[in-house]
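[1] A structural model of the following input is requested.
(2 chains)
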Amino acid sequence: MNITAREPLLRVEGLVKTFREGPLTLHAVNGVSFEVYPGEAVGLVGESGCGKTTAARSILRLTEPTSGHVYFNGTDLIKLSRARMRAQRRHLQMVFQDPDTSLNPRFTVRRTLAEPVQLHKLARKDGLEERLLKTMSRVNLDPEFLGRYPHQLSEGQKQRVGVARAIITEPKFVALDEPTSSLDMSIRIHMIALLQGLQKELGMTYVFISHDLSAVRALCNRVMVMYLGTIVESGPTDEIFDRPLHEYTRALLSAIPVPDPQVKRRRILLTGEPPSLFDVPKGCAFHERCPAAQPGCRDRKPVLRDLGGGHLVACDRL
Amino acid sequence: MVERDTLLRIRDLTVTFPGRDGRVTILDNVAFEVFGTEIVGLVGESGSGKTMTSLTVMGFLPPSGRIEGGEIWFRDGDLLGYTEEQMSQIRGQQIAMIFQSTRSALNPLMRVGDQVARVYRIQRGLGGREAKAEAVRALGRMGIPDAERRAEAYPHQLSRGMCQRVLIAMMVACEPALLIADEPTTGLDVTIQAQIFELIKVVQQATKASILLITHDLGVVAETCERVVVMYAGQVMETARVDSLFANPTHPYTQKLLHSVLRVDKTVEMPKADAGINEEVTYAIRGCRFASRCPRVLPHCWSEQPAREQVEPDHWVRCHNLS
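    Model (predicted):
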């Protein structure tokens, strides 16, 4: 499939989000640009504080971005009035990281799922029931759970309710924020398989935010790696995992233990910890920890360049 | 196989807690051992009893818990027969534990250097100034840059990774023979996790301590441990050397677990949608507790507990239906 020939579903341009804390400015997202094509599952990976969740929330305007553009099907979402943005939301949904804080504890599953359908006037009474049952079966939940409250569900079931709430409006685009991080290992793979099946069935487009790179490898066809608010590398999944070029991506991948004692990998141990977002280093944000840094890296901020085959890297050394 | 000296030997440990309909057996005939100078992984999913096992070894069982039977041999004494006073001698000097939540394990009102120094004063009988100097050196050895300045910090001023290093420094100061590390990298980023495990391995080699590493990450087990204990719903299903467990998983639960593992180094095949996947851990089964999810279940699995059988050297399984 030649996706580059098609129009992107989502085009993000120069997205910036800063937060003020007294005299200080926290730079959460520092100018992020990318495109997502219809039917793609794109992984947005990086460690805590790299800005991946803020980027996704800004795209959906759950947090208002400081500057930048987000074109969805050609319309700039950032310029829409609140009312018109609300109407767009049925097409752009989000699955949140922690079902315990994103599901209303006083709502039954039925009420949680019915609300978006009613808000967007997608079905009348009998149509609603049908839609509820269909969505429950799509996420492998027995219809009897409709009458339950979140505390009566297991972690895996709660997270599937979160997915059900997102897909019940049949959105074109879903941002999944660490949907597997609260799950046990044998449940995790089933969640990934479920998400994969749903995407095929409903033709959705995903941005999958995660620090769980093995899950990203299983689900996504393209990956973007973030560090301190910028994308440092992006490309087709196998290309990034098998031939990472940016020193940060290489260290990140090498740090993940492989569940196979026969596999011996060389680990790249980074020194120190990521710098503060209040004080992002000048030049390449990674230069202080980069094992291959050169004097020039301190002064010039590298831009993402295509090194062939859609493999983009922000490193001047290459 | 040469008989190695056994440091910790747990036999038939059974612990119950009050539940809605009578007492629930949270640990059911748990048995395994830790030999001298080795890293043993204790793996299982939430509710498998791995943390409860370690708390029982430490003598930290919550008051509502009751030990119904079993033995915990450490060197040549049964810890379950010890008085509280004897246990507090063992804790710290012989067995130490590092907990999941690094911040709550440190005193928020005390400078971290003083917390480490306190261990040197109590365990080694050093004087105040000497203990402080020793503490700063220990923090430096744990890879904390600018240790002299960081020793003056309070826990909230340090990152979680740094707090974990402080805790490891305190543990090393005790020179325990056995260290229990309960998910020591929970909540840490992978690059920091890699640094911490590297540190733990270095410390283990330097102190010749044995480590019981509680984790749910089979990747960590494969890369860090020599032997592994697999728990499910309060029962030990399989114990083996790491290579032997990954090459020849024998219990149906272990097999299922290894099948459901995602990998970063290659694309794995997705399992068929398992509509009947039962996520609830069942403690009510008298026999093998995996019976409700087991593809090879036999009628008597529900009622009779399988014996511990050796399938190859140092590889033990509890299953009625070994194929």
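[2] Point out where chain B drops to low pLDDT.
    The model of chain B has pLDDT under 70 over residues B:1-3, B:272-280, B:323.
[3] What ranges does it have for its helices?
    For chain B, applying DSSP state H gives helices covering B:50-58, B:84-93, B:102-105, B:112-124, B:128-141, B:147-150, B:160-174, B:190-207, B:218-224, B:242-247, B:252-259.
[4] Next, format the ones you listed as CSV and append mean neighbour count.
    C-beta here means a position set from N, CA and C on the backbone, and glycine is covered the same way. Below are the helices of chain B laid out as CSV (neighbours: other CB atoms under 10 Å in any protein chain shown):
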stretch, mean neighbour count
helix B:50-58, 22
helix B:84-93, 14
helix B:102-105, 17
helix B:112-124, 20
helix B:128-141, 18
helix B:147-150, 16
helix B:160-174, 24
helix B:190-207, 19
helix B:218-224, 23
helix B:242-247, 19
helix B:252-259, 20
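[5] Distance to chain A for those - can I get that in TSV?
    What follows is the helices of chain B, written out as TSV (distance: least, CB to the nearest CB, whole Å):
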stretch	distance to chain A
helix B:50-58	12
helix B:84-93	29
helix B:102-105	14
helix B:112-124	16
helix B:128-141	15
helix B:147-150	12
helix B:160-174	6
helix B:190-207	4
helix B:218-224	3
helix B:242-247	5
helix B:252-259	6
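[6] For A:Ile167, which of those is the nearest?
    A:Ile167 lies closest to helix B:252-259 among the helices of chain B, at 27.1 Å (CB to CB).
[7] which other helices and strands contact that closest one?
    Contacts defined by 3 or more CB pairs under 8 Å, 6 or more residues apart in numbering or on different chains; DSSP states H and E place helix B:252-259 against helix A:185-202, strand B:227-232, strand B:235-241.
[8] As CSV, the ones you listed with distance to B:Leu262 and mean neighbour count would be great.
    Output for these, formatted as CSV (distance: least, CB to CB, whole Å; neighbours: other CB atoms under 10 Å in any protein chain shown):
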stretch, distance to B:Leu262, mean neighbour count
helix A:185-202, 6, 19
strand B:227-232, 18, 26
strand B:235-241, 21, 25
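[9] Columns distance to B:Trp73 on top of the ones you listed, output as JSON lines?
    Listed next are the helices and strands packed on helix B:252-259 as JSON lines, based on distance: least, CB to CB, whole Å:
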{"stretch": "helix A:185-202", "distance to B:Trp73": "31"}
{"stretch": "strand B:227-232", "distance to B:Trp73": "16"}
{"stretch": "strand B:235-241", "distance to B:Trp73": "16"}
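[10] Go through the ones you listed and name the closest to B:Leu61.
    Closest to B:Leu61 of the helices and strands packed on helix B:252-259 is strand B:227-232 (CB to CB; 16.6 Å).
[11] Would you give the sheet partners of the closest one, along with the direction of each?
    Sheet pairing here is set by DSSP bridges, and for strand B:227-232 it gives strand B:39-43 (parallel), strand B:235-241 (antiparallel).
[12] In CSV: these, plus distance to A:Arg222.
    Output for the strands paired with strand B:227-232, formatted as CSV (distance: least, CB to CB, whole Å):
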stretch, distance to A:Arg222
strand B:39-43, 33
strand B:235-241, 39
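[13] Which strand residues bridge the residue positioned nearest the centre of chain B?
    For chain B, the residue nearest the mean C-alpha position is B:Ile214 (2.8 Å; CA atoms, centre = their mean). Counting by DSSP bridges, B:Ile214 forms beta bridges with B:Leu42, B:Asp182.
[14] need the contact list for B:His315.
    B:Glu238, B:Thr239, B:Ala240, B:Arg241, B:Ser244, B:Leu245, B:Asn248, B:Thr250 (CB atoms under 8 Å, 6 or more residues apart in numbering or on different chains).
[15] Kindly recompute the last result at 7 Å.
    B:Ala240, B:Arg241, B:Ser244 (CB atoms under 7 Å, 6 or more residues apart in numbering or on different chains).
[16] Closest one to B:Arg129 out of those residues, please.
    B:Arg241 (46.8 Å).
[17] A:Pro8 in helix, strand or coil?
    coil (DSSP: H, G, I helix; E, B strand; the rest coil).
[18] Can you give me the neighbour number for it?
    A count of nearby residues for A:Pro8, using other CB atoms under 10 Å in any protein chain shown, gives 19.
[19] List the buried residues in stretch B:284-302.
    B:Ile285, B:Gly287, B:Cys288, B:Arg289, B:Phe290, B:Ala291, B:Ser292, B:Arg293, B:Cys294, B:Val297, B:Cys301 (16 or more other CB atoms under 10 Å in any protein chain shown).
[20] Next one: B:Lys266 from chain A, what distance?
    8 Å (CB to the nearest CB, to the nearest Å).
[21] picking up where we left off before, out of the strands paired with strand B:227-232, the one nearest B:His156 is which?
    Of the strands paired with strand B:227-232, nearest to B:His156 by CB to CB is strand B:39-43, at 30.5 Å.
[22] what's stretch A:114-127 in contact with?
    A:Arg90, A:Leu128, A:Arg131, A:Leu132, A:Arg165, A:Ile168, A:Thr169.
[23] Report the two of those residues separated the most.
    A:Arg90 and A:Leu132 (16.1 Å).
[24] Please identify the residues of the stretch 151-300 of chain A in proximity to chain B?
    A:154, A:156-157, A:184-190, A:192-194, A:196-197, A:211, A:213-215, A:217-218, A:241, A:251-253, A:255-261, A:263, A:267, A:269-270, A:273 (CB under 7 Å from any CB of the partner chain).
[25] Now, of those residues, which are buried?
    Using 16+ other CB under 10 Å, the buried ones in those are A:154, A:156-157, A:184-190, A:192-194, A:196, A:211, A:213-215, A:217-218, A:241, A:251-253, A:255-261, A:267, A:270, A:273.
[26] quick one: contacts for B:Ser210?
    B:Leu7, B:Val34, B:Phe35, B:Gly36, B:Thr37, B:Glu38, B:Ala177, B:Leu178.
[27] now with 8 Å?
    Counted by CB under 8 Å, 6+ apart, B:Ser210 has contacts B:7-8, B:34-40, B:177-179, B:204.
[28] Would you mind measuring from the residue nearest to the centre of chain B to B:Val229?
    10 Å (CB to CB, to the nearest Å).
[29] Now do the shared contacts for the two.
    Joint contacts of B:Ile214 and B:Val229 (CB under 8 Å, 6+ apart) are B:Gly41, B:Leu42, B:Val43.
[30] from what I can see the last one touches B:Thr224, true?
    No - between B:Val43 and B:Thr224 there is no contact, the gap being 11.4 Å when judged by CB atoms under 8 Å.
[31] And for the residue lying closest to A:Tyr149 once chain neighbours are set aside, the neighbour number?
    Spatial nearest neighbour of A:Tyr149, chain neighbours left out: A:Thr108 (5.9 Å); criterion: CB to CB, 6 or more residues apart in numbering or on different chains. Neighbour count of A:Thr108, defined by other CB under 10 Å: 16.
[32] what does A:Lys134 give?
    For A:Lys134, the count of nearby residues is 10 (other CB under 10 Å).
[33] Mind telling me what element it is part of?
    helix A:125-138 (DSSP states H and E).
[34] Relative to the whole chain's centre, how far out is that helix?
    Here helix A:125-138 is found 27 Å from its chain centre; the criterion is CA atoms, centre = their mean, to the nearest Å.
[35] which parts of it are buried?
    A:Leu128, A:Arg131, A:Leu132, A:Thr135, A:Met136, A:Arg138.
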